[in-house]
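Enquirer: just need the structure, nothing else, for what follows:
(chains A and B)
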Amino acid sequence: MTLALAGVPNCGKTMLFNRLTGGSYRTANRPGVTVEIRRGEYIADGQHHTVLDLPGLYALSACTGEEKVATDCLKSGEADRIFAVVDALSPETGLRLCMELAGLKIPMLIAFTRTDLLPRAGISYDYAALSDAMGIPVLPVCARTGEGLERLPEGLRFAGLCKMSASDHRESYRKIDEILGRVRTCHGRGESFTDRMDRVLLRPFPGYPIFIILIAALLLITFSLGTLFEDALTALTEKSLPLIKSALSGWVAAPLLSLITDGILTGMLSVISILPTLAVLYFFLGLLEDSGYLTRVACLFDAFFGKIGLSGRAALPLLLGLGCSVPAVLSARTLEEGSHRKRVIRAIPFLPCSARLPVFLLLAKGFFGRRCPLILLILYGIAFLWTFGSLLLSHLLHPDAGQTPSLILELPEYKIPSLTSTLCYVRDRLWEGLRRVGTVIFLSSVLLWVLSSYGPGGRTAAESSFLALFGKKIAPLLAPCGLSDWRIAVAILSGFAGKELVISTLSVLFGGGKINEALIMIGFTPLQAFTLMVFVLLCFPCAATLSAVRWETGSRLEAVGAVVRGILCAWLASAGIFALFSFL
Amino acid sequence: MKKEKRTSCEKTDDPNREGIGLNLCQVSEGQLCRVRQVVCKDASGGRLAELGICRGSLLRLLSVGPGGVRIVRIRGMRLALGRQTAAGIRVARVGEIGGIDRENGREAKR
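Expert: Numbering: from 1, shown residues only, chains lettered A, B, ... in the order given. A predicted model of the protein is given here:
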């Protein structure tokens, strides 16, 4: 049997899915976390059921991309049962959706989630009466603890067609109000904590200063802790590599030893050393997301985005872009208008994703010393300015520039962020990083070593290798940016496979962990280090992001456009900065 | 007394119709209102109806955010409505401070 979990956004479908299937998918306190269908297996009474976790939807008339995904699945007839998930704290929209789903003629049962929060909210239900009124089983469940799910097999047996059906919205809500009036008892507690917080956080003052302080603190903590962890891991790498080299020297031939230590281990360890930095960034981003604050950013910046032809909803994918561009591109699905989705997707690659952060940390620390945090903040400032500049330009050039969508967004309650959920998020991102170390980084390190160790005449020094021959051909193009060294050109190009590869390539080509010293040796100046950072900041997105861009826009041209735009913008900005400061 | 800044959507409304033809931009914080009419673009109007903002619904304006974003509570849900959307929702005031919102089953305290 196939069971589809359907419900309005942020009602706890994924948490319930994880509880049923033993999955560990990301949950967060904001609508639009799930944008794709997830599948899992639920075993009850010896029977195997397939469970589908659908993106949230308010109605079958899909407005946004992720709603269309859910609607298409429900209408395809793939599901044998619908497990409608309704938030017990505000069940009206969920119940109205149930009435609309009744039109699909698929047997249904209802899960009332977040029942653990009902006593604190002063709400209680007569579930038997509600079940009678709807004509289908209603199970009060707590997805966090799993309480109430033991009755699911029984509920599945009695699942039936909902006897309430939707006519027009007003009539549907009138019926729901009538039913809830009979089955719900409320003991109102007056103004809630969320109301009081919103009264403070959603004022221009102190709303904007608090947002700026939070983001600056997030970045500064990430830079500081990341630098500490990276220092420790780099020191460990520097000590362990010679030991490994000496231990293996008697056992393997010299070329193979060089491949293992100078190629594979150097490349992989340089990326592993950046993982703690990423963990810190994702941890704090996860906390912000789970607290319910991130959704408020859409309200704070609605007026600002209105000036560039977007609604405040566009703030969410852009903020997620600080972590990784791929989920940010996917979350642009939550925007209503296709043209706005495209504009946001085009701007996301200009934001500094976490994989670029290690390059900035390395260069800023090596060339700017104690001013490293300031330089990094300047870089992030450039990225934000460039992103919003590109959005403004696309607004001015776009034919529908005059039509600004209006914000309609459900705000979640504030809550203390769940440490488990946040750590799961960090674990998933780190696991993804480690997976890339074992696959893309490993293969690239081998390839880089081969190309930098062999030339037309066989085994040779790096300067006359295939890689040098290729790098020297493209390096002159980067000379106006002050980046005329072939190794830098190769490192930038390698970022196409993954931005972590920039640091890995620099490590392999400059021989280990002391990249900055090697750069200083070849006469690299702080200005060149800064232009390199700007180039890496704005240049083309990685292959995974391009794949996501192509998938979301359905156009290869968009992916090609992202590469061309990236190269042009990076070159113009770097060359401009280099020329300006060289002149000064 | 500090004069409250008026947004463009407030200016478009006829003050003589206050009480029967207010839009959501003209309602003060904490005020309980009944929706009289929703005059929005098709997509916004449809989404508002799906969320329960249709004629006869009761909503409370919780706060006003930057750029005129209205935070309202309707049917236990907290919604952020952009200024344009809020200007398209015509309402009539219902309760006063400390009144009882019986239709939502909640005390209308502020």
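Enquirer: residues near the residue of chain B found nearest chain A, how many?
Expert: Nearest residue of chain B to chain A: B:Gly67, at 2.2 Å (Cβ to the nearest Cβ). To be clear about C-beta, it is placed using only N, CA and C from the backbone, and glycine gets the same treatment. Using other Cβ atoms under 10 Å in any protein chain shown, the number of residues around B:Gly67 comes to 20.
Enquirer: who in the stretch 51-200 of chain A is up against chain B?
Expert: A:58-59, A:61, A:63, A:89-93, A:96, A:169-170, A:173-174, A:177, A:180-181, A:184, A:186, A:188, A:190-191, A:194-195, A:198-199 (Cβ under 8 Å from any Cβ of the partner chain).
Enquirer: filter these to the buried ones?
Expert: The neighbour count (16 or more other Cβ atoms under 10 Å in any protein chain shown) marks A:58-59, A:63, A:89-93, A:96, A:169, A:173, A:177, A:180, A:184, A:188, A:194-195, A:198-199 as buried among these.
Enquirer: still on that earlier bit, please flag which of the residues of the stretch 51-200 of chain A next to chain B sit within strands.
Expert: The members of those that map onto strands under DSSP state E are A:184, A:186.
Enquirer: buried residues, stretch A:533-550. List them.
Expert: So stretch A:533-550, judged by 16+ other Cβ under 10 Å, has buried residues A:533-542, A:544-546, A:548-550.
Enquirer: that should have said stretch B:23-40, apologies.
Expert: Quick answer for stretch B:23-40 (16+ other Cβ under 10 Å): B:23-27, B:30-33, B:35-36, B:38, B:40.
Enquirer: of the buried residues of stretch A:533-550, which pair is most distant in space?
Expert: A:Met533 and A:Arg550 (27.7 Å; Cβ to Cβ).
Enquirer: what is the neighbour count of A:Thr21?
Expert: Using other Cβ under 10 Å, A:Thr21 has 19 other residues around it.
Enquirer: what of A:Gly312?
Expert: The local packing of A:Gly312 (other Cβ under 10 Å) involves 28 other residues.
Enquirer: report the contact partners of the residue nearest to it when sequence neighbours are not counted.
Expert: Nearest non-adjacent residue to A:Gly312, counting by Cβ to Cβ, 6 or more residues apart in numbering or on different chains: A:Asp302, 3.2 Å away. Shown in contact with A:Asp302 (Cβ atoms under 8 Å, 6 or more residues apart in numbering or on different chains): A:311-312, A:407, B:65-67, B:69, B:80, B:82-83.
Enquirer: can you give me the strands for chain B?
Expert: Applying DSSP E to chain B gives strands spanning B:22-23, B:32-38, B:58-64, B:70-74, B:77-81, B:89-93, B:100-101, B:106-107.
Enquirer: ok so, going back, what is the most widely separated pair among the buried residues of stretch B:23-40?
Expert: Maximum pairwise distance among the buried residues of stretch B:23-40 (Cβ to Cβ): 23.8 Å, between B:Gly30 and B:Cys40.
Enquirer: looks like B:Gly82 contacts A:Ser406 (just checking).
Expert: Yes - if you go by Cβ atoms under 8 Å, B:Gly82 and A:Ser406 touch, sitting 3.8 Å apart.
Enquirer: of those two, who's got more company?
Expert: Each of B:Gly82 and A:Ser406 has its neighbours counted (other Cβ under 10 Å); B:Gly82 has more, 29 against 24.
Enquirer: for that one, what are its contacts?
Expert: A:302, A:306, A:311-312, A:405-408, B:68-69.
Enquirer: if you look at the residues you listed, which of them are in strands?
Expert: A:Ile408.
Enquirer: now the contacts of B:Gly82 as TSV including pLDDT and distance to A:Gly146?
Expert: Output for the contacts of B:Gly82, formatted as TSV (pLDDT from 0 to 100; distance: Cβ to Cβ, whole Å):
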residue	pLDDT	distance to A:Gly146
A:Asp302	91	38
A:Gly306	88	44
A:Ser311	88	37
A:Gly312	90	36
A:Pro405	75	40
A:Ser406	82	40
A:Leu407	88	36
A:Ile408	91	34
B:Gly68	88	43
B:Val69	92	38
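Enquirer: which of the contacts of B:Gly82 sits closest to A:Phe360?
Expert: A:Gly312 (28.5 Å).
Enquirer: isn't the closest one right next to A:Phe301, touching?
Expert: Yes - the pair A:Gly312 / A:Phe301 is scored as a contact, 5.3 Å apart, by Cβ under 8 Å.
Enquirer: which stretches of chain B aren't confidently modelled?
Expert: For chain B, applying pLDDT under 70 flags the ranges B:1-21, B:41-42, B:95-110.
Enquirer: okay, and the common contacts of B:Gly82 and A:Ser406?
Expert: A:Ser311.
Enquirer: what residues does the stretch 401-550 of chain A have near chain B?
Expert: Going by Cβ under 8 Å from any Cβ, the residues of the stretch 401-550 of chain A near chain B are A:404-413.
Enquirer: if we go to 10 Å?
Expert: A:403-413 (Cβ under 10 Å from any Cβ of the partner chain).
Enquirer: those residues, buried ones only, as a PyMOL selection?
Expert: Burial among those is assessed by 16+ other Cβ under 10 Å; the matching PyMOL selection reads:
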select buried, chain A and resi 404+405+406+407+408+409+410+411+412+413
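Enquirer: can you tell me which of the residues of the stretch 401-550 of chain A next to chain B is nearest A:Leu265?
Expert: Nearest to A:Leu265 among these is A:Pro412, at 45.4 Å by Cβ to Cβ.
Enquirer: I'd say A:Gly366 and A:Pro526 touch.
Expert: Yes - in this structure, A:Gly366 is within contact of A:Pro526 by Cβ atoms under 10 Å, at 9.3 Å.
Enquirer: what touches both of the two?
Expert: Counting by Cβ atoms under 10 Å, 6 or more residues apart in numbering or on different chains, the residues touching both A:Gly366 and A:Pro526 are A:Ile520.
Enquirer: end to end, how far does stretch A:6-21 reach?
Expert: Stretch A:6-21 has an end-to-end distance of 16 Å (criterion: Cα to Cα, to the nearest Å).
Enquirer: which non-adjacent residue is nearest A:Ala129?
Expert: Excluding the flanking residues, the one nearest A:Ala129 by Cβ to Cβ, 6+ apart is A:Val183, at 4.5 Å.
Enquirer: inside helices: which ones of the buried residues of stretch A:533-550?
Expert: Counting by DSSP state H, these place A:533-538, A:544-546, A:548-550 in helices.
Enquirer: so where's the stretch 101-250 of chain A uncertain?
Expert: In the stretch 101-250 of chain A, residues with pLDDT under 70: A:188-190.
Enquirer: all helices of it, in order?
Expert: A:118-121, A:127-134, A:152-157, A:169-183, A:193-201, A:204-249 (DSSP state H, counting those that start in this stretch).
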